[in-house]
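Engineer: what's the 3D shape of this:
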Amino acid sequence: MSILFRVLQRRNPQDITLPEKFYAAAIGDGSVDMETLAEQIAYQCTITQPDCYAVLMALERNIVDALKQGRIVKLGHLGNFQVGISSQGRDTAEELDASAITKARILFRPGKSFRQLLKNLSFRKARS
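Structural biologist: Down below sits the predicted model:
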């Protein structure tokens with residue numbers, strides 16, 4: 001198995017006067033939703049699909065709740081989730097308040113098995 005990629009021509013956003021270059025972009029090959037994951041896990045365990053789906057939904061809800069509280073969510077070998085923010089700069093610490101925050105995002109730090117997966121991927125170019 002390998003990851004498909006396509007070729008994209010792009011300018012350097014930091015210096016648009018430079019000539020365009022070609023870059024690889026991964027192509028998603030379908031998706032897997034919570035119901036499918038629950039079904040697959042149910043076949044691998046002793047719990048039923050509805051029970052597994054309920055656990056996955058509860059996991060999602062609890063991750064969101066913990067992130068709202070500013071907590072780091074540690075999911076063992078899966079990895080960690082955390083809220084990250086970007087802000088405008090201010091001249092002094094006193095001038096910096098919540099209004100300077102421009103963006104919030106979810107950060108995911110993969111666990112060992114995911115990092116290992118990335119080292120062992122193979123890629124193939126999609127036909128145009």
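Engineer: Look through this protein and tell me its longest helix.
Structural biologist: Ranked by number of residues, the top helix in the chain under DSSP state H is helix 49-68.
Engineer: What residues of it count as buried?
Structural biologist: Going by neighbour count (16 or more other CB atoms under 10 Å), the buried part of helix 49-68 is 49, 52-53, 66-67. In this view, the C-beta of every residue, glycine as well, is placed from N, C-alpha and C.
Engineer: what about it, distance to the chain center?
Structural biologist: How far helix 49-68 lies from its chain's middle: 17 Å, per CA atoms, centre = their mean, to the nearest Å.
Engineer: List the neighbours of the helix or strand that that helix is followed by that are in contact with it.
Structural biologist: Per DSSP states H and E, helix 49-68 leads on to strand 73-74 as the next helix or strand towards the C-terminus. Strand 73-74 has contacts (CB atoms under 8 Å, 6 or more residues apart in numbering) with 63, 66-67, 80-82.
Engineer: what's the closest of those residues to Arg127?
Structural biologist: Using CB to CB, Phe81 comes nearest to Arg127 of the contacts of strand 73-74, at 36.6 Å.
Engineer: so who does Ala25 touch?
Structural biologist: Ala25 touches 5-8, counting by CB under 8 Å, 6+ apart.
Engineer: Please apply the same query to Glu20.
Structural biologist: So Glu20 contacts 9-11 (CB under 8 Å, 6+ apart).
Engineer: measure it to Asn12 for me?
Structural biologist: Plainly put, Glu20 is 8 Å away from Asn12 if you go by CB to CB, to the nearest Å.
Engineer: Over to Cys45?
Structural biologist: Going from Cys45 to Asn12 by CB to CB gives 49 Å.
Engineer: same question, Gln49
Structural biologist: When distance is defined by CB to CB, Gln49 is 49 Å away from Asn12.
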